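[1] One predicted model, sequence on top.
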Amino acid sequence: MIVSIIEKVYSFLWGDLIRIPLPSGGSLGISLLIILLIPTGVYFTIRTRFLPVRLFPDMIRSLTGKKKNENSLSTFQTLIVSTATRVGMGNLVGVVAAISAGGAGAVFWMWVTAIIGSSTAFVEATLAQLHKEEDPLYGGYRGGPAYYIHHFFEEKLGKKKKHVIIAVLFAISGLICWCGISQVISNSVTSSFENAFGIPPIYTTVILVAIAAVIVLRRNATVKVLDVIVPIMAVCYFAITIFIIIKNIAVMPSVFERIFEEAFGIRQAAAGGFGAVLMNGIKRGLFSNEAGSGSAPCAAAAAECDTPVRAGLTQALGVFIDTIVICSCTAMIMLTAPQNVINGKEGMDLLQSAMGYHLGGFGVVFIAITLFLFSFSTFLGILFYARSNVAYLFGDKWIWQTLYKVLALVMLFIGGIAAYTFVWDLGDVGIGLMTIFNTGILYLLGGQAVKVLRDFEDGKNIK
């Protein structure tokens, strides 16, 4: 019964809600999440007057903000936390799957979603700053969609309320999502280590859970560890990709030619494959950078900054880092490998084969370690997000914070030693429901973010 309900909700959120016939044959399947996220991104890109293009230098400058309270986070630290959760196995296996299903043109559509997605990320992060609260447990600040949804309905009703049903549903969806993701994370890590080193899953799982427990059960160790892991993993992955690009510089013009040709279905049109190119690129871009899902605002709210706009610009930059930089790195590693090396392979096996071609045995080991770092940092990041949702639902008590962490660690353990279970779908169901609740409120509250953006730009012009 429960399994059937989860599967039906999953299909409703992620399956093809409508199908549009294409002139060249085939059809374009569009899911509910695409219907929600693409118009939202376009709408806020227009309302912010193409913020991702106009204010890119300001996005970089927003990282230099300083904090005064040692318990709060700087804008750079909130970027680290949100990047930890955005950059995960989806940047590796997800990109490979998108290109395998939709061709090289999917990369172009990932880039497009980064531009419109960063506008959505700006709005939701700025709202999180505008509606943040002081955090009596961890110190500093907390917030996110549950809080700005709550404040919106309080204002509409004209009275204080302990809970608001939509905010409660968002918070529960987030906690469900992050528990489901915990299982997928550990299974991916144990599988890659078994392939690369021959280590039985149970050993990897026990070590992974033990390290995670030491970190997450301490009060403020999570952010300190992420401050170290995330920059190292991102820079190393980027550096290795640059090396591979330089090594294969002769084929790069043909790689970009292939991306742009296939992006518009020049090769696929006759076979009716344009829909696959478009949808796989858009899906991977949107679901990798998480813009609109309401996750990253939980980190943005924790920032201490002189204006909410800086927190918004920081998270807009995070979308670029995830999709334009990290996802593109995986695409280049794959597209510069000869076709005969990757034919007939998929997922992690395909990516490890491509890296094996570029860097030999070191490449296979490097991908296994990279996946471990990407996945482990994602686990730490989602537990940081969970803080504000747990507090909203259950109040400021350590027992509830600790119980959720223990539950997530149990899920991490189960995922490492078990094959696929229906619980894994909870991650996708959870983030789908979060997106529905969050995008709806963005249309109602987005004007607040646009207003502070205009005030910020007016202040710059005066100076």
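    Looks like it arrived, so ask away.

[2] What number of residues are in the vicinity of Leu169?
    16 (other Cβ atoms under 10 Å). For every residue, glycine as well, the C-beta is placed using N, CA and C.

[3] pLDDT score for it?
    What the model reports as pLDDT for Leu169 is 95.

[4] looking at it, it is touching Ile436, isn't it?
    No - using Cβ atoms under 8 Å, Leu169 is not in contact with Ile436, being 9.2 Å away.

[5] can you pull out the helices in the stretch 351-463 of the chain?
    361-394, 398-417, 425-462 (DSSP state H, counting those that start in this stretch).

[6] thinking again about what came up before, now do the shared contacts for Leu169 and Ile436.
    Residues touching both Leu169 and Ile436 (Cβ atoms under 8 Å, 6 or more residues apart in numbering): none.

[7] ok, back up a step: looking at the helices of the stretch 351-463 of the chain, which one is packed in the most?
    helix 361-394 (a mean of 22; mean count of other Cβ atoms under 10 Å).

[8] what angle do that one and helix 398-417 make?
    150 degrees (axes from the mean of the first three to the mean of the last three Cα atoms, to 10 degrees).

[9] from now on call the first residue 51
    Okay, using 51 as the starting number, the last item reads as helix 411-444.

[10] ok and helix 411-444 relative to helix 475-512, angle-wise?
    Interaxial angle of helix 411-444 relative to helix 475-512 (the same axes, to 10 degrees): 80 degrees.

[11] Tell me how far the spatially closest residue to Val305 that is not a sequence neighbour lies from Ile376.
    Spatially, and ignoring its direct neighbours in sequence, Val305 is nearest to Leu385 (4.9 Å; Cβ to Cβ, 6 or more residues apart in numbering). Distance of Leu385 to Ile376, computed by Cβ to Cβ, to the nearest Å: 15 Å.

[12] These two: who's more crowded?
    Neighbours were counted for Leu385 and for Ile376 using other Cβ under 10 Å; Ile376 has more, 27 against 21.

[13] Am I right that that one sits in a helix?
    Yes - assigned with DSSP: H, G, I helix; E, B strand; the rest coil, Ile376 falls within a helix.

[14] wait, doesn't it sit right on Val285?
    No - in this structure, Ile376 is not within contact of Val285 by Cβ under 8 Å, at 11.0 Å.

[15] Pro251 and Ile467: what is the separation?
    Taking Cβ to Cβ as the measure, Pro251 falls 6 Å from Ile467.

[16] what touches both of those two?
    Jointly contacting Pro251 and Ile467 under the rule Cβ under 8 Å, 6+ apart are Thr240.

[17] how about the helices of the stretch 401-513 of the chain in a markdown table, adding distance to Ile80 and mean pLDDT?
    Below are the helices of the stretch 401-513 of the chain laid out as a markdown table (distance: least, Cβ to Cβ, whole Å; pLDDT from 0 to 100):
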| stretch | distance to Ile80 | mean pLDDT |
| --- | --- | --- |
| helix 411-444 | 28 | 86 |
| helix 448-467 | 31 | 88 |
| helix 475-512 | 14 | 86 |
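
[18] Columns distance to Gly342 on top of the ones you listed, output as a markdown table?
    Shown next, in a markdown table, are the helices of the stretch 401-513 of the chain (distance: least, Cβ to Cβ, whole Å):
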| stretch | distance to Gly342 |
| --- | --- |
| helix 411-444 | 15 |
| helix 448-467 | 24 |
| helix 475-512 | 5 |
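
[19] wait, which of these is closest to Ile261?
    helix 411-444 (7.7 Å; Cβ to Cβ).

[20] Report pLDDT for the residue nearest to Val305.
    In this prediction Leu385 is given a pLDDT of 87.

[21] Count the residues that sit near Ile249.
    Ile249 is flanked by 15 other residues according to other Cβ under 10 Å.

[22] and if you look at Ile252?
    12.

[23] what does the one 4 residues further on give?
    The burial count assigned to Val256 is 13, neighbours taken as other Cβ under 10 Å.

[24] measure the residue nearest the centre of the chain to Phe426 for me?
    Computing the C-alpha centroid of the chain and ranking residues by Cα atoms, centre = their mean puts Arg136 first, at 2.9 Å. Relative to Phe426, Arg136 is positioned 14 Å away (Cβ to Cβ).

[25] thought the residue nearest to the centre of the chain was touching Glu340?
    Yes - look at Arg136 against Glu340 with Cβ under 8 Å: they come within range, at 5.7 Å.

[26] Now do the shared contacts for the two.
    Ala346.

[27] Low-confidence stretches in the stretch 101-250 of the chain?
    For the stretch 101-250 of the chain, the stretches flagged by pLDDT under 70 are 121, 138-141, 143, 151-152.

[28] Helices of that one, start to end?
    101-104, 106-111, 125-136, 139, 145-152, 155-180, 195-207, 215-247.

[29] now the stretch 251-400 of the chain
    251-266, 271-297, 302-313, 324-339, 347-350, 358-369, 378-385, 389-392, 397-409.

[30] wait, which of the ones you listed is closest to Asp478?
    Of the helices of the stretch 251-400 of the chain, nearest to Asp478 by Cβ to Cβ is helix 324-339, at 8.7 Å.

[31] hang on, the earlier thing: so what's the residue count around the residue lying closest to the residue nearest to the centre of the chain once chain neighbours are set aside?
    Closest residue in space to Arg136, ignoring its immediate chain neighbours: Asp372 at 4.1 Å, by Cβ to Cβ, 6+ apart. Neighbourhood size, Asp372 [other Cβ under 10 Å]: 30.
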